[in-house]
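> the sequence and its predicted three-dimensional model are supplied below.
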Amino acid sequence: MLNDFLYLMKAELMVTVIIFILLFLKLGNKALKNESLLNFINVLLLINLAAGFFYIPTGTLFGDMFRTNELLTLEKNFLNLGTLIISLQSYHWLKNHKHVSEFYILLLSTLLGMFFMISSNNLLMFYLGLELSTIPLAALANFDLEKRISSEAAFKMIMSSAFSSGLLLFGISMLYGTTGTLSFTELPSLLYGSALQFLSFILLIAGFGFKISVVPFHLWTADVYEGSPVAVTSYLSVISKGAILFVMIPVLYNVFIPLGHSWYNMLYLLSVATMIIGNLFALRQQNMKRFLAFSSIAQIGFILVGMSGQSVAGSVSVIYFVLVYIFSNLGAFGVISLVSAITGKEKMDDYKGFYKTNPLLSWVLAISLFSLAGIPPMAGFFGKFFLLFAGAGKGNYLLIVIAALNMVVALYYYLKVIKTMFMDTNENPIEKLHSGWQPKIAMVICVGGILVTGMASGAYDYIHSLLK
């Protein structure tokens, strides 16, 4: 039994061990320099990532409440990869911070909660993982302790999270009241589409919608993204949303498949509203973090199109797009993080003439934005193509046309940023930025990931093989 526990919970135990190592270092008498501590933590995160690809377990624990298999392990490895990239990108910000250990303890506690969410086979386990992943994130949003806007971001996040958790709990309680179980395995056979079950499902979707910023549950997103440190913003944008999407796929496709017709119509309306609102508001933004906030909202709209396909292609396209999104969005946030940490500048106009002083960083940001816009041969093009292809499987071509038109709008505002960097002039452009090797490695990983996952089909095919 102990061997099964250690084997099946390998990913969770690895993260827990790193948290305890950081606690012991924090409580020790000898304080490490920030640079040494950051390098040590990045090595631990690299070991954690590498360990995820060996001895992949399959099985269940805790009375079938916890499950793991090759696909779930791969999803956790995606999150481990994104966390490592964010850690490397945050080097310049954290090396002068007073609370490096606390930052990583909170960050990894959040990651641990996401792992429990992904492996949950019961709504109770899912909710516990959700809370473990959410509460530390509110503290991270307030990690720029001297900035009032950071405190406001944390307050808005905790209030919206509390409201969404209340809706989620209310939906879970009504679902339990009508079925007598919270098990993902037992629920499908007990769902018969009563009014109370349908209301509970709506509340569950609302809870999910808050976490991934689906319109009309998106109102907290831009303010929290702007007020949080860039590292936390990128984590919220990529890792947090990716974890929820990984959970939504089995919940919709396996648990609530008896209500498939109803939730297809819901996803249809939510995806259209999310794409349109996200794109329209992204057109107006001048702060780069708010710009990427509304960009990420629009991207969620495209993901919902693929998810509405109700097929294996829909599942594969969403998981593949999350991988592409990790590389693309973190590539953009990596440049913004470096500029913000060294110069404190976050406005779009600050990037005028950026190419003249920082050509390599300009190309990293441009490639990332090209991928987010869906321009071939970047990975983002194939990610969106597979999402639209999966959505078209239901035969609703009007939804595909709306999505394609929104891609044109998105192309405009992504190209606007590129035009600002490469074509606009500025008498006082951002000076030449000298970064350490850590941010450079992160950017190489992101650019390499965008190009390789776009031009090679291995990633998509491998995910598809795990879902057969």
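Structure's in. What do you need?

> what does the host helix or strand of Ser371 rub up against?
With elements delineated by DSSP states H and E, Ser371 resides in helix 359-373, which encompasses its position. If you take Cβ atoms under 8 Å, 6 or more residues apart in numbering as the criterion, helix 359-373 is touched by 295, 299, 324, 327-329, 331-332, 334-336, 338-339, 354-355, 378-381, 407, 410-411, 414-415, 417-418, 421-422, 433, 443, 446-447, 450-451, 454. To be clear about C-beta, it is placed using only N, CA and C from the backbone, and glycine gets the same treatment.

> give the contact list for Leu423.
One thing to correct before we go on: residue 423 is Met, not Leu. Met423 makes no contacts at all, as judged by Cβ under 8 Å, 6+ apart.

> how close does it get to Ser160?
38 Å (Cβ to Cβ, to the nearest Å).

> on that earlier part again, filter the contacts of helix 359-373 to the buried ones?
Burial by neighbour count, judged by 16 or more other Cβ atoms under 10 Å, picks out 295, 299, 324, 327-329, 331-332, 334-336, 338-339, 354-355, 378-381, 407, 410-411, 414, 417-418, 421-422, 433, 443, 446-447, 450-451, 454 from these.

> what ranges do the strands span in the stretch 51-200 of the chain?
With DSSP state E, counting those that start in this stretch, the ranges of strands along the stretch 51-200 of the chain come out as 59-61, 66-68.

> cool, and the stretch 251-400 of the chain?
Taking DSSP E, counting those that start in this stretch as the criterion, the stretch 251-400 of the chain carries no strands.

> so, low pLDDT: which residues of it?
With pLDDT under 70 as the threshold, the stretch 251-400 of the chain has no low-confidence stretch at all.

> count of neighbours near the closest residue to Gln197 other than its chain neighbours?
In space, not counting the residues next to it along the chain, Gln197 is nearest to Thr178; the distance is 5.2 Å by Cβ to Cβ, 6 or more residues apart in numbering. Other residues within reach of Thr178, judged by other Cβ atoms under 10 Å, total 15.

> roughly how far does Thr178 sit from Phe184?
Look at Thr178 and Phe184: by Cβ to Cβ, they are 16 Å apart.

> what does Leu203 give?
Applying Cβ to Cβ, one obtains 17 Å for the distance of Leu203 from Phe184.

> report the contact partners of the residue nearest in space to the middle of the chain.
Nearest to the mean C-alpha position of the chain, counting by Cα atoms, centre = their mean, stands Val238 at 2.4 Å. Remark: with contacts taken as Cβ under 8 Å, 6+ apart, Val238 is in contact with 82, 86, 325-326, 329-330, 333.

> could you do Leu283 as well?
Leu283 neighbours (Cβ under 8 Å, 6+ apart): 409, 412-413.

> hang on, Asp223 packs against Phe155?
No. Judged on Cβ atoms under 8 Å, Asp223 makes no contact with Phe155 at a distance of 9.8 Å.

> picking up where we left off before, give me whichever of the strands of the stretch 51-200 of the chain is most buried.
Among the strands of the stretch 51-200 of the chain, strand 66-68 has the highest mean neighbour count (mean count of other Cβ atoms under 10 Å), at a mean of 22.

> so what touches it?
Residues from elsewhere that reach strand 66-68, judged by Cβ under 8 Å, 6+ apart: 8-9, 11, 57-61, 116, 119-121, 125.

> what's the ChimeraX syntax to select whichever of those residues are buried?
Selecting only the buried members of those in ChimeraX, with burial defined as 16+ other Cβ under 10 Å, works like this:
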select :8,9,11,57,60,61,116,119,120,121,125
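
> so which of the contacts of strand 66-68 sit within helices?
Counting by DSSP state H, the part of these found in helices is 8, 11, 116, 125.

> mind picking the two most distant members of those?
Of all pairs drawn from the ones in helices among the contacts of strand 66-68, the one with the largest separation by Cβ to Cβ is Ala11 and Met125; the distance is 15.0 Å.

> Thr425: neighbour count?
Burial of Thr425, expressed as a neighbour count using other Cβ under 10 Å, amounts to 8.

> helix, strand, or coil at it?
On the three-state scheme (DSSP: H, G, I helix; E, B strand; the rest coil), Thr425 is labelled coil.

> how far away is the closest residue to Tyr192 other than its chain neighbours from Gln286?
Spatial nearest neighbour of Tyr192, chain neighbours left out: Pro258 (7.3 Å); criterion: Cβ to Cβ, 6+ apart. When distance is defined by Cβ to Cβ, Pro258 is 47 Å away from Gln286.

> ok, those two, which is more surrounded?
Residue environment comparison for Pro258 versus Gln286 gives the larger neighbour count to Pro258, 15 against 11, counting by other Cβ under 10 Å.

> my read: the more buried one touches Ser194, true?
No. Pro258 sits out of contact with Ser194 when judged by Cβ under 8 Å, with a separation of 11.2 Å.

> picking up where we left off before, any idea which of the ones in helices among the contacts of strand 66-68 is closest to Asn39?
Ala11 (23.3 Å).

> distance of the closest one from Ala195?
Applying Cβ to Cβ, the value for Ala11 to Ala195 is 40 Å.

> now Val408
With distances taken as Cβ to Cβ, Val408 is found 41 Å from Ala195.

> more neighbours: those two, which one.
For Val408 versus Ala195, the count of surrounding residues by other Cβ under 10 Å is larger for Val408: 11 against 8.

> what helices and strands are in contact with whichever strand or helix holds the more buried one?
With the criterion set as DSSP H and E, the secondary-structure element containing Val408 is helix 397-422. In terms of contacts (3 or more Cβ pairs under 8 Å, 6 or more residues apart in numbering; DSSP states H and E), helix 397-422 is packed against helix 260-282, helix 288-307, helix 354-357, helix 359-373, helix 379-392.
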